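>>> Task: produce atomic coordinates for the following.
(one chain, ligands or ions: 1)
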Amino acid sequence: MADTQGIYILAEIGEAEKPTAVTLELIGLGRDLASRLGERVSTLVLGAGVREAAQELALYGPDEVLFLDDPALSRYDPELYVGALVPFLESRPPRVLLAGHTSLGQDLFPRLAFSLDCGLVTDCVALEVDGGDILLTRPIYGGNAIATQKVGTSKVMATVRARVGEAPQPSSAAAVTPLETAVPASSRLSLKEREVLQSRECPLEEAPVVVSGGRGMGGEDGFAQLTEIAGILSGAVGASRPPVDSGWAASTCQVGITGKVVAPDIYIAVAISGSTQHLSGMGESGKIVAINKDPDAYIFKVADYGVVGDWRQVLPSFSAALREIMQE
Ligand SMILES: Cc1cc2nc3c(=O)[nH]c(=O)nc-3n(C[C@H](O)[C@H](O)[C@H](O)COP(=O)(O)OP(=O)(O)OC[C@H]3O[C@@H](n4cnc5c(N)ncnc54)[C@H](O)[C@@H]3O)c2cc1C
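Model prediction:
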C-alpha cells in the first residue's frame, strides 16, 4: 500500500449549491495542519451537478479540488459514497481525512473508517500537531470532560464540529479535477419517502445566534416568539428534548447529546434547566444567555448573562430592545 499523504477534506454542498460553512472552516483547519505537517490539502466533492460548487471551493485555499459529478449521487446514499470513495482513498491513502460532525459526517465516516481500516475520532473541537502526531480533542461523558486522543493507524480520520475552524478568505483558484473513481452501479438502500421537516434560512449548526426553548415554554406559541427573536438576530431556533418530544419543535431543532451540537457566538436558552445532556450540545457556545424563572436553575452556572423571570414577561421587552438595537 502507498504511504499516507495529504490532508483530505470531504466537502458538503448545502443550500443554493454552495459549500457549507463547516466545509470552508475545515479547509482553514486543513491548511493549518498542512503547513505544520508539510502536506497538501485536497478537497473532495461528491454529488450531482457539483462542478460549480467545486470551482467555488477552489477559491478557499485547497491545493486541489477533486469532484465526482454523477446523477446517482443526487441524494446521500452511504453505500454509493463508500463504494466510490474507498477505491480512491486506497489508491491515494490520506494522512488525514476530515469531515464536519454533521448528519452526513456522522453517518459516513464510521462506515468509511471501517472499510479503510482507519482510526476515527468523532466530534472533535480541536486538532493539533505534536511532532509527527495528530492530537484530536473531543468532549466526553456528555461534555463533562475533555479527552485528547491519538489514533494508532497511519491514516487519521476525524469529524469536526462546526465553528471550530475559520473559513479562509477567497483568493486565487486551485486546480479542479474529476475524481478518478466510479460510483457503484447499485445500492442495497432505496428511498421510500422524503419529508423536509423544516426549511429555515439559517441551518442550526451554522447559525451565529441560536435561540432555544425548553419544557418551560409550555407549547408551540412560546416557540413562535423564539422564532421572532431568532429572525431579528438572523439566527436559528433550537430546543431541548422535551419540546421536541411534545411536538412543539421539529426534531431537527434538538440540541444536545442526542440532538445537534452547536457552538454559536451567542446561545440564548429560554426556560431550559441546563441538563448535562443539553449542555453537551451547546457548552462550547461563545456567550450563553439564560432566561429562567428558577434562580437555582443549573443553566445559570454556565451562563454569561442571566435573567431570572417568566419568559412571558421577559421576552416581549427583550425582543423590542433587540429590534431597536438592530435598527440602529
Ligand atoms: C439518553 C438521553 C438523551 C438525552 N438527550 C437530550 C438532548 O440531546 N438534548 C436535551 O435537551 N435533553 C436530552 N435529554 C433530556 C435531559 O435529560 C433533560 O430532561 C432535558 O434536557 C430537560 O429539558 P428542559 O431543560 O427543557 O426541561 P426541564 O429540565 O423540565 O426544565 C424546564 C425549565 O424551565 C423553567 N421554566 C418553567 N416555566 C418557565 C417560565 N414560564 N419562564 C421561564 N422559565 C421557566 C424551569 O424553571 C426549568 O428550569 C436526554 C435524556 C436522556 C436520558
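
>>> was I right about residue 304 contacting residue 288?
Yes: taking contacts as Cβ atoms under 8 Å, residue 304 lies within contact range of residue 288: 5.4 Å. (Glycine included, C-beta is placed from N, CA and C.)

>>> Tell me which of these two has more neighbours.
For the pair residue 304 and residue 288, the greater number of neighbours falls to residue 288 (21 against 12), based on other Cβ atoms under 10 Å.

>>> Parallel or antiparallel, list what pairs with the helix or strand containing that one.
When elements are defined using DSSP states H and E, residue 288 is found to belong to strand 287-292. Strand pairing for strand 287-292, using DSSP bridges, gives strand 266-270 (parallel), strand 305-308 (parallel).

>>> got a list of contacts for the longest one?
In this case it means strand 266-270. Outside strand 266-270, the residues that touch it by Cβ atoms under 8 Å, 6 or more residues apart in numbering are 208-214, 216-217, 222, 226, 229, 233, 235, 238, 278, 282, 285-292, 299, 303, 311, 315.

>>> circling back to that earlier point, in TSV, list the strands paired with strand 287-292 along with mean pLDDT and mean neighbour count.
Formatted as TSV, these follow (pLDDT from 0 to 100; neighbours: other Cβ atoms under 10 Å):
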stretch	mean pLDDT	mean neighbour count
strand 266-270	98	26
strand 305-308	98	15
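
>>> could I get those as JSON lines with distance to the ligand?
Shown next, in JSON lines, are those (distance: least, Cβ to the nearest ligand atom, whole Å):
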{"stretch": "strand 266-270", "distance to the ligand": "7"}
{"stretch": "strand 305-308", "distance to the ligand": "9"}
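
>>> Reformat the ones you listed as TSV; add distance to residue 78.
What follows is these, written out as TSV (distance: least, Cβ to Cβ, whole Å):
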stretch	distance to residue 78
strand 266-270	31
strand 305-308	42
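
>>> And those: which comes nearest residue 115?
Evaluated over those, closeness to residue 115 peaks at strand 266-270, with 36.5 Å, by Cβ to Cβ.

>>> On the C-terminal side of the closest one, identify the next helix or strand.
For strand 266-270, the following helix or strand on the C-terminal side (DSSP H and E) is helix 276-282.

>>> Buried ones in that following helix, by neighbour count?
Of the residues in helix 276-282, 278-282 count as buried by neighbour count, 16 or more other Cβ atoms under 10 Å.

>>> Same question for stretch 234-254.
For stretch 234-254, the neighbour count (16+ other Cβ under 10 Å) marks 235-244, 248-249, 252-254 as buried.

>>> same deal with stretch 36-56?
Applying a neighbour-count criterion of 16+ other Cβ under 10 Å, the buried positions in stretch 36-56 are 37, 39-47, 50, 53-54, 56.

>>> Report the secondary structure state of the closest residue to the ligand within the stretch 1-150 of the chain.
Checking the stretch 1-150 of the chain residue by residue against the ligand with Cβ to the nearest ligand atom singles out residue 142 as nearest, at 8.5 Å. Three-state secondary structure (criterion: DSSP: H, G, I helix; E, B strand; the rest coil) places residue 142 in helix.

>>> who's in contact with it?
Listed by Cβ under 8 Å, 6+ apart, the contact partners of residue 142 are 257, 276-277, 279-280.

>>> let's go with 6 Å and repeat that
Contact criterion Cβ atoms under 6 Å, 6 or more residues apart in numbering gives 257, 276, 280 as the residues in contact with residue 142.

>>> State the three-state secondary structure for residue 252.
Residue 252 carries the three-state label helix when classified by three-state DSSP.

>>> Helix or strand for residue 262, just tell me which one.
When the helices and strands are read off by DSSP H and E, none of them contains residue 262.

>>> Near it, how many other residues are there?
Going by other Cβ under 10 Å, the residues that sit close to residue 262 add up to 25.

>>> Over to residue 26?
For residue 26, the number of neighbouring residues by other Cβ under 10 Å comes to 34.

>>> what's the answer for residue 186, then?
Each residue near residue 186 was counted by other Cβ under 10 Å, and the total is 11.

>>> Just the local confidence number for it, please.
Taken from the predicted model, the pLDDT recorded for residue 186 is 94.
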